[in-house]
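A.B. asks: Pasted the sequence and its predicted model underneath.
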Amino acid sequence: MYKDIATPNRTKEILEKYGFSFKKSLGQNFLIDTNILRRIVDFAELSAETGVIEIGPGIGALTEQLARRVKKVVAFEIDQRLLPILSETLSPYSNVRIIHQDVLKADVRKVIDEEFAGMKDIMVVANLPYYVTTPIVMKLLTERLPLRGIVVMLQKEVADRISARPGTKDYGSLSIAVQYYTKAETVMTVPRTVFVPQPNVDSAVIRLTKLPQPAVVVENEAFFFEVVRASFGQRRKTILNNLTSNLTNGKIFKETIEKVLHEVNIDPRRRGETLTLAEFAALSDRLFQALQNS
């Protein structure tokens, strides 16, 4: 059995050998607790037939745990300085491929087609760099990739927002965007003490299970998300005032918005964070019709 990468001593040894210094701009914090890594892998419910995409493998701590359980791991690493380290730490695993690319610029669907041909179970499992968590999650969801789900570690505050329910302070446009595509649950919190260097915040692991189809059916998806974003323009404002100020650059008059809100049984004095996905769907469809008819 090979020595685990994710122990304080082994991590220190690897970093010293390569003279590696952390780049704050890349949000580099490496996990030094093997038990936590194994639990993350457990939450993903992987098998010997699974293909996994990892983002930001660092020195390979999570990658190695994944490689031991699945058919193939493809990891995107943006930092060129980590490539020789990964080449050494992951040398025992023939089922790992490192792609030196920014995942936000990558054609992930093409990578899936090429690297996981014939594989039916594909997951994303990663310890995401905090500074780009939201764009990465949204890219993976909006591109409608053939994934079973996503299990990622991220900033606890972002995890709370993603899995938040209506009527709570964390519920917002991010909660709705993610829950439109997936069932979202925070499965574990992770203290800052198990990282090197220690981040300033605690982390959490979130599991997103892809829904067979979006949680609600809407007439126009782009407009639905526009209505959601507009509704949270200023959290203290009512839904009526937010939509009047922020939606379609004022192309729909306040009177029309108020009329539509009454038609779909939403009190215009309510705030965006109290509306469910179903209410947003009904509201956006009705507003979309009003816009078409104006």
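C.D. replies: That came through, no problem.
A.B. asks: The chain: helices as residue ranges?
C.D. replies: Listed in chain order, the helices of the chain (DSSP state H) span residues 8-18, 34-43, 61-67, 83-89, 108-115, 133-142, 156-162, 173-181, 221-231, 239-246, 254-263, 277-293.
A.B. asks: Out of the ones you listed, which gets nearest to residue 52?
C.D. replies: Relative to residue 52, the nearest member of the helices of the chain by Cβ to Cβ is helix 61-67, separated by 5.1 Å. Using the backbone N, CA and C atoms, a C-beta is placed for each residue, glycine as well.
A.B. asks: packing partners for the closest one?
C.D. replies: strand 30-31, helix 34-43, strand 50-55, strand 72-76, strand 121-127 (3 or more Cβ pairs under 8 Å, 6 or more residues apart in numbering; DSSP states H and E).
A.B. asks: mean confidence score for stretch 109-123?
C.D. replies: For stretch 109-123, the per-residue pLDDT values average out at 96.
A.B. asks: Give me the sheet partners of the helix or strand of the chain with the lowest mean pLDDT and which way each runs.
C.D. replies: Across the helices and strands of the chain, mean confidence by mean pLDDT, DSSP states H and E is lowest for strand 195-196: a mean of 86. For strand 195-196, the pairing partners within the sheet under DSSP bridges are strand 30-31 (antiparallel).
A.B. asks: and residue 53, what is it in contact with?
C.D. replies: Residues in contact with residue 53, defined by Cβ atoms under 8 Å, 6 or more residues apart in numbering, are 73-76, 108, 111-112, 122-126, 147.
A.B. asks: Show me the shaky parts of the stretch 1-150 of the chain.
C.D. replies: Along the stretch 1-150 of the chain, the model assigns pLDDT under 70 to residues 1-2, 24-27.
A.B. asks: Just put the helices and strands packed on helix 61-67 in a markdown table and tack on distance to residue 279.
C.D. replies: What follows is the helices and strands packed on helix 61-67, written out as a markdown table (distance: least, Cβ to Cβ, whole Å):
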| stretch | distance to residue 279 |
| --- | --- |
| strand 30-31 | 40 |
| helix 34-43 | 31 |
| strand 50-55 | 34 |
| strand 72-76 | 37 |
| strand 121-127 | 30 |
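A.B. asks: most centrally placed residue in this protein?
C.D. replies: Centrality entry for the chain: nearest residue to the mean C-alpha point is residue 137, 2.8 Å, by Cα atoms, centre = their mean.
A.B. asks: Could you check how far that one is from residue 219?
C.D. replies: 25 Å (Cβ to Cβ, to the nearest Å).
A.B. asks: repeat for residue 81
C.D. replies: Residue 81 is 49 Å from residue 219, where distance means Cβ to Cβ.
A.B. asks: mind listing what residue 184 touches?
C.D. replies: Under the criterion of Cβ under 8 Å, 6+ apart, the neighbours of residue 184 are 162-163, 175, 178, 206-208.
A.B. asks: re the thing from before, which of the helices and strands packed on helix 61-67 sits most buried?
C.D. replies: When you average the neighbours per residue for each of the helices and strands packed on helix 61-67 (mean count of other Cβ atoms under 10 Å), strand 50-55 leads with a mean of 25.
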